[in-house]
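>>> need a structure here:
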Amino acid sequence: MGKYDKYIVSEPKVVCVDYHPVDNVKGVTFPDEIWLDNTIVEGSPVVVDIGWRFEVPDPDPVEWTHSHDFDEVLCFIGTDPENPRDLGGEIEFQIGDETHVFDKTTVIFIPRGLPHCPFVHKRVDKPFLLVVFALSGHYPEQGE
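Below is the predicted model:
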């Protein structure tokens, strides 16, 4: 066993995070797969949540309007190696009092305190990734 093994994560912590209004969702990686936080790697100052979107979720939307006391980055990542900027779907995303629609690989920075979500999957033509970076050691889980 190496002294740095504790920094390498190959299995996620699977939990329902606090802002999901439902317990069962089809078409996406659910519950959330947290790949990094301070319970997985002691001292981690960031949460990494990685999930697939295989089809329009049932139900949709999955997340309700919420805000955090930390900054957050959402990465919607297309998986077509021939056209990686094509998201493979279309998202309608609520941030503050604005609605944005996109169908390309997109990164959204959400400053602490800014209300965001829900986001609606207008279509999912190909699987894509949603990777979330929360600039916090821990994401609130349901019941916390």
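
>>> now do the buried residues in the lengthiest strand in the chain.
Counting by DSSP state E, the longest strand found in the chain is strand 47-58. Within strand 47-58, the residues that qualify as buried are 47-51, 53, 55-57, counting by 16 or more other C-beta atoms under 10 Å. All C-beta spots, glycine's among them, are computed from the backbone N, C-alpha and C.

>>> and if you look at stretch 9-17?
12-13, 15-17.

>>> I'd like the buried residues of strand 47-58 written out as TSV, with distance to residue 37 and pLDDT added.
Formatted as TSV, the buried residues of strand 47-58 follow (distance: C-beta to C-beta, whole Å; pLDDT from 0 to 100):
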residue	distance to residue 37	pLDDT
47	5	96
48	8	97
49	9	96
50	12	97
51	15	95
53	22	96
55	28	96
56	28	96
57	23	94
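
>>> out of the residues you listed, flag the one nearest to residue 2.
Nearest to residue 2 among the buried residues of strand 47-58: residue 48, at 21.3 Å, using C-beta to C-beta.

>>> beta-bridge partners for residue 94, please?
Per DSSP bridges, the residues bridged to residue 94 are residue 99.
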